[in-house]
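Student: I'll drop the sequence and a predicted model, then ask my questions.
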Amino acid sequence: MAEFVLDPAFVATSEALGDLPLCHARLQADARYPWIVLVPRVAGARELEDLSAADRVWLIEETVLAGAATRAAGAALGLAVDKLNVGALGNVTPQLHVHVVGRRVGDPAWPGPVWGQGQAKPYPPERLAAAIDAARRALGL
């Protein structure tokens, strides 16, 4: 059986939060938005259909949990979350993953999608630590 391997693109663009029962959770490295990425730890998964029915249920539950973590990271950063955007695109990085993005009225891409809008803004170290800590606590990690 093949082993799960995280696509290197995630390592380059996000910070590890830890492992949930199904997914590896990461904080997207873009200080403009509180943003969690979930990557199911299923070897070769590219589409939702590549997950078992039980894993699809886990993915939905972990997405809801990631929403709470996104809100917690936003609160730690002073970025209110008015709306959660959830998406599984995979056009650039085909490994199955789900984005949970905290949006707020007036954010840099509001009301449009965040993808392809400007350049990611790096976190200052102390703000990154605060966002990671808040997200991990909300995820129970």
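Tutor: Right, received. Where do you want to start?
Student: For residue 69, give me its contacts.
Tutor: 17, 25, 36, 100, 134, 135, 136, 138, 139 (C-beta atoms under 8 Å, 6 or more residues apart in numbering). Where you see a C-beta, it was placed from the backbone N, CA and C, and this is true even at glycine.
Student: Ranking by neighbours, what's the top pick from those residues?
Tutor: When neighbours are counted by other C-beta atoms under 10 Å, residue 36 leads the contacts of residue 69 with 32 neighbours.
Student: doesn't residue 68 make contact with that residue?
Tutor: No: the pair residue 36 / residue 68 is not scored as a contact, 9.6 Å apart, by C-beta atoms under 8 Å.
Student: re earlier: just the contacts of residue 69: which are in helices?
Tutor: 134, 135, 136, 138, 139 (DSSP state H).
Student: What segments of the protein are helices?
Tutor: Listed in chain order, the helices of the chain (DSSP H) span 8-13, 53-77, 125-139.
Student: Need those in CSV (columns: distance to residue 114).
Tutor: Below are those laid out as CSV (distance: least, C-beta to C-beta, whole Å):
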stretch, distance to residue 114
helix 8-13, 13
helix 53-77, 12
helix 125-139, 16
